[in-house]
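give me the fold of what follows.
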Amino acid sequence: MPDLAVDQSGNLYTVWKGSNGATVFRTYFSKSINSGVSWTNTALGSYKTHPWNDTTSLVRVALDTSNNVYVFYRSWEYDQTEIVRNLALLKSADGGTTWGSRIDITTSTTAGRTFLVGS
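Predicted coordinates for the structure are as follows:
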């Protein structure tokens, strides 16, 4: 399910999960500076090889008062022995043009549960 945020200038930011229908899953980010008439389209990551690698589960977008953009998501990563779930975030300080490295907020294994606010 997509998520949407609006900055103080009325710019729209959205994120969603998608796949190629098989084993490639991506987090997508898009921005509109003209009330939704046109949108950028950026794939923030590509994860493959196992169906549990849907790293875009519970994807959310948020802005701070300086218009930094944050994308939060729960990752599911299979390492051949267990499923590791992380809450992670990406930050953009330039409105979504470039993104910093992934920051893991939490880590848990198959037995654990992780949640995002609003999930």
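
which strand residues bridge residue 60?
Taking DSSP bridges as the rule, residue 60 bridges to residue 72.

so how far is residue 69 from it?
11 Å (C-beta to C-beta, to the nearest Å). All C-beta spots, glycine's among them, are computed from the backbone N, C-alpha and C.

out of the two, which sits in the busier spot?
Counted by other C-beta atoms under 10 Å, residue 60 and residue 69 do not tie: residue 69 has more neighbours, with 24 against 20.

chain neighbours aside, what residue packs nearest to the more buried one?
Spatial nearest neighbour of residue 69, excluding adjacent residues (C-beta to C-beta, 6 or more residues apart in numbering): residue 92 at 4.4 Å.

now for that neighbour: which residues touch it?
Contacts for residue 92 (C-beta atoms under 8 Å, 6 or more residues apart in numbering) come out as 68-71, 98-100.

what does residue 59 give?
By C-beta under 8 Å, 6+ apart, the contact list for residue 59 reads 2-3, 15-17, 27, 71-73.

go again using 7 Å as the cut-off
Residue 59 sits next to 3, 15-17, 27, 71, 73 when contact means C-beta atoms under 7 Å, 6 or more residues apart in numbering.

before we move on, what about residue 98?
Counted by C-beta under 7 Å, 6+ apart, residue 98 has contacts residue 92.

what of residue 30?
Each residue near residue 30 by C-beta under 7 Å, 6+ apart is listed here: 14, 39-42.

farthest-separated two in the contacts of residue 92?
For the contacts of residue 92, with distances taken as C-beta to C-beta, the pair at the greatest spread is 70 and 98 (13.8 Å).

quick check: bridge partners of residue 30?
When assigned by DSSP bridges, residue 30 has beta-bridge partners residue 14.

can you pull the buried residues of stretch 60-72?
Buried positions in stretch 60-72, judged by neighbour count with 16 or more other C-beta atoms under 10 Å: 60-61, 63, 67-72.

repeat for stretch 30-43
Buried-residue list, stretch 30-43, by 16+ other C-beta under 10 Å: 30-32, 42.

out of those, which is nearest to residue 105?
Checking the buried residues of stretch 30-43 one by one against residue 105 (C-beta to C-beta), the nearest turns out to be residue 42, at 21.7 Å.
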